[in-house]
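Student: Next input, structure requested:
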Amino acid sequence: MEQVKITPEESGERLDKYLAENVDGLSRTYAARLCDEGMVYLDGGGAVSKKYKVRAGEEITVDIPDPEELSAEPEDIPLDIVYEDDSVIVVNKARGMVVHPAVGSPSGTLVNALLYHCRDGLSGINGVLRPGIVHRIDKDTTGLMLVAKTDEAHICFSSQLKLRKPLRRYWALVNGEIKEEAGIINKPIGRDPKDRKRMAVVRGGKEAVTHYRVIERFCGYTLVECVLETGRTHQIRVHMASIGHSLVGDPLYGKKDGRFPLTGQMLHAKTLGFEHPKTGELMEFDSDIPEDFQTIVDTLRREKEGRLTFY
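Tutor: I've put the predicted structure just below:
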């Protein structure tokens, strides 16, 4: 059960829209359904319509049912496996692939593919929905991910993450031309108080540290390398936007630009390094940026060299 109180600034907003923006885990569609099913109450009284316009000082109570238990089923989905042994898998994740099942993405995920590939050979520490998943990258971010095949490996990798040992190096194409050669962004990240579906730099958020350096500058764009000390949700996307250089193609934190036909942000997990959980050996893997990312970089490079081409 969730309770929220309407502020003067929020007065007049439609109820289902207000709930979607202020209650974690609620989409507007789901909020409207809860209203229709009589699960939303005004000032402790009767149920209220989704079309109701909220007023300052009112208290809204939402009776959210317990989530249905989801299960992940094996699916024969091709995987780009960079490395595998009896403890670990390193996967090069494609753009558009969700990491694990959730409401709205019950199948076709990396976990579904891993379950088929490994049969029962995945760590169970994260439960049935996220077996083997040590860390995540966004649906439209491409690149290298680490997967644990045993509980022992998972515990080892989790300890390495807490000690900030793994190397996670990303390449990103950002808007604008960054003047300095390198920098460190040390800004706390938390849920955006104005839009609960976004993350933001907020006072009292979790520590977040991103190191970046310029790889190449173009006319109006910069290719940068970002190295993570921490691993907050949307960290690179939020941090780069916070210094005025949002990622090209980012639908959530970027700017609208119809120049390139993009399906997501230009962000690629290029290099991944860690200590092997059994041998202690330092292992490092590298991957090429995907074709659509490379095409844009090539186009911008030709323009910079004076050979203007149209995309």
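Student: residue ranges for the helices of the stretch 201-311 of the chain, please.
Tutor: 235-242, 291-304 (DSSP state H, counting those that start in this stretch).
Student: One more: the stretch 1-150 of the chain?
Tutor: Going by DSSP H, counting those that start in this stretch, the stretch 1-150 of the chain shows helices at 15-22, 28-36, 110-118.
Student: Which elements pack onto the shortest one?
Tutor: With contacts taken as 3 or more Cβ pairs under 8 Å, 6 or more residues apart in numbering; DSSP states H and E, helix 15-22 sits against helix 28-36, strand 59-62. Where C-beta positions appear, they are placed from N, C-alpha and C, glycine not excepted.
Student: same question for the longest one, mean pLDDT?
Tutor: The predicted model assigns helix 28-36 a mean pLDDT of 87.
Student: Need phi/psi at the closest residue to Lys278 other than its chain neighbours.
Tutor: Nearest-residue entry for Lys278: Ser87, 5.5 Å, with adjacent residues in sequence omitted and distances by Cβ to Cβ, 6 or more residues apart in numbering. The phi/psi pair for Ser87 (degrees, to the nearest 10) reads phi -120, psi -30.
Student: Could you verify my assumption that Ser87 touches Ile155?
Tutor: No. With contact defined as Cβ atoms under 8 Å, Ser87 does not count as touching Ile155 (11.4 Å).
Student: okay, those two: which has more neighbours?
Tutor: Taking other Cβ atoms under 10 Å, Ser87 and Ile155 do not tie; Ser87 has more neighbours (18 against 14).
Student: mind checking how far the more buried one is from Gly220?
Tutor: 45 Å (Cβ to Cβ, to the nearest Å).
Student: those strands in this protein, which residues are they?
Tutor: In the chain, the segments counted as strands under DSSP state E are 2-5, 40-42, 59-62, 81-84, 88-93, 142-148, 167-175, 182-186, 189-191, 199-201, 209-218, 221-228, 267-275, 282-286.
Student: Output those strands as JSON lines; include the columns mean pLDDT, distance to Leu247 and mean neighbour count.
Tutor: Shown next, in JSON lines, are the strands of the chain (pLDDT from 0 to 100; distance: least, Cβ to Cβ, whole Å; neighbours: other Cβ atoms under 10 Å):
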{"stretch": "strand 2-5", "mean pLDDT": "84", "distance to Leu247": "32", "mean neighbour count": "14"}
{"stretch": "strand 40-42", "mean pLDDT": "90", "distance to Leu247": "36", "mean neighbour count": "20"}
{"stretch": "strand 59-62", "mean pLDDT": "90", "distance to Leu247": "34", "mean neighbour count": "17"}
{"stretch": "strand 81-84", "mean pLDDT": "98", "distance to Leu247": "24", "mean neighbour count": "14"}
{"stretch": "strand 88-93", "mean pLDDT": "98", "distance to Leu247": "17", "mean neighbour count": "22"}
{"stretch": "strand 142-148", "mean pLDDT": "97", "distance to Leu247": "13", "mean neighbour count": "25"}
{"stretch": "strand 167-175", "mean pLDDT": "97", "distance to Leu247": "5", "mean neighbour count": "23"}
{"stretch": "strand 182-186", "mean pLDDT": "98", "distance to Leu247": "13", "mean neighbour count": "14"}
{"stretch": "strand 189-191", "mean pLDDT": "91", "distance to Leu247": "15", "mean neighbour count": "18"}
{"stretch": "strand 199-201", "mean pLDDT": "95", "distance to Leu247": "13", "mean neighbour count": "20"}
{"stretch": "strand 209-218", "mean pLDDT": "98", "distance to Leu247": "12", "mean neighbour count": "17"}
{"stretch": "strand 221-228", "mean pLDDT": "98", "distance to Leu247": "10", "mean neighbour count": "21"}
{"stretch": "strand 267-275", "mean pLDDT": "98", "distance to Leu247": "6", "mean neighbour count": "22"}
{"stretch": "strand 282-286", "mean pLDDT": "98", "distance to Leu247": "21", "mean neighbour count": "13"}
